[in-house]
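Novice: coords please:
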Amino acid sequence: MDVRLNKYIADCTGISRRNADALIQEGKIRVNGKLPQVGQAVNPEKDKVFLEGKRLLPQRKQYIVFYKPAGYITTRSDPEGRKTIYDILPNKYQDLDPVGRLDRESSGLLMLTNDGMLAQRLSHPRYEHVKIYRVMVDKSLTMEILKQLEEGVLLQPENKLAKAKVKEVRDLKTVILELATGMNRQIRRSFEALGYQVKGLKRIGFAGLTLGSLKPGQARPLKPYELKRFMKR
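Specialist: The predicted model follows:
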């Protein structure tokens, strides 16, 4: 069955279809030894597609949940020599990329995949995938502070209100927050603006996923029902 060339390239490499079209336009793709056109269709069973001389074959899609410990950055390498999640990620998952990020001192749930299209959809603010965090601060919370978090804290330089839904108050210094969208380091910066210091930040949920029984540094494949739900997003 024929498929569009950009989809085939995206399935083989994990990049977006737009970036696949760019590769075609740049002359980096060959189909059966010839330069193809954007919008062209190919038959995966008969046609041979090459990227800069390397044949492209469809990847087996993988989707995992990873429990990121604090003290690791969410990147493949770091010029400052800091530890990254790839220093502890199991070898069989080294080719996967994270969907979103957690800052160095935060812990908790990361989803990783080699499905570039799904990752793009899950990361895009337009889709408002819910993220849930357990936050511990340095002093007692008040009703006024919790109300301010829900109404919004003005953050700079974005000059935007950062809002968070208070789902649960665990104790005087621990709260569960829900974010549908988020700015960089939103929770830490919001509490700092309100005169608090975050002592612990853990993501415990993302788009319906949870850590379950995972321990820091462990990973698991998505369960069939989880994967089916994501395919509909």
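
Novice: which helices and strands sit right next to the helix or strand bottoming out on mean pLDDT in the chain?
Specialist: Taking mean pLDDT, DSSP states H and E as the measure, the chain has helix 116-123 as its least confident helix or strand, at a mean of 73. Applying 3 or more C-beta pairs under 8 Å, 6 or more residues apart in numbering; DSSP states H and E, we find helix 116-123 packed against helix 5-13, strand 97-99, helix 224-231. From N, CA and C alone the C-beta is placed, and that goes for glycine too.

Novice: Average pLDDT for the second one, rounded please.
Specialist: In this model, strand 97-99 has a mean pLDDT of 91.

Novice: can you list the domains in the chain?
Specialist: Listed domain ranges for the chain are 3-55, 63-126+209-231, 130-206 (source: automatic domain parsing).

Novice: among the ones you listed, which gets the worst mean confidence?
Specialist: domain 63-126+209-231 - the lowest mean pLDDT of these, at a mean of 90.

Novice: quick one: it to chain centroid distance?
Specialist: Distance of domain 63-126+209-231 from its chain centroid, counting by C-alpha atoms, centre = their mean, to the nearest Å, is 7 Å.

Novice: do stretch 163-176 as well
Specialist: Worked out by C-alpha atoms, centre = their mean, stretch 163-176 lies 23 Å from the chain centre.

Novice: Offset the numbering so it begins at 23, please.
Specialist: Okay, residue one is now 23; in that scheme the one you just asked about reads as stretch 185-198.

Novice: Report the beta-bridge partner residues of the spatially most central residue of the chain.
Specialist: Most central in the chain under C-alpha atoms, centre = their mean is V121, positioned 1.4 Å from the mean C-alpha point. Per DSSP bridges, the residues bridged to V121 are M133.
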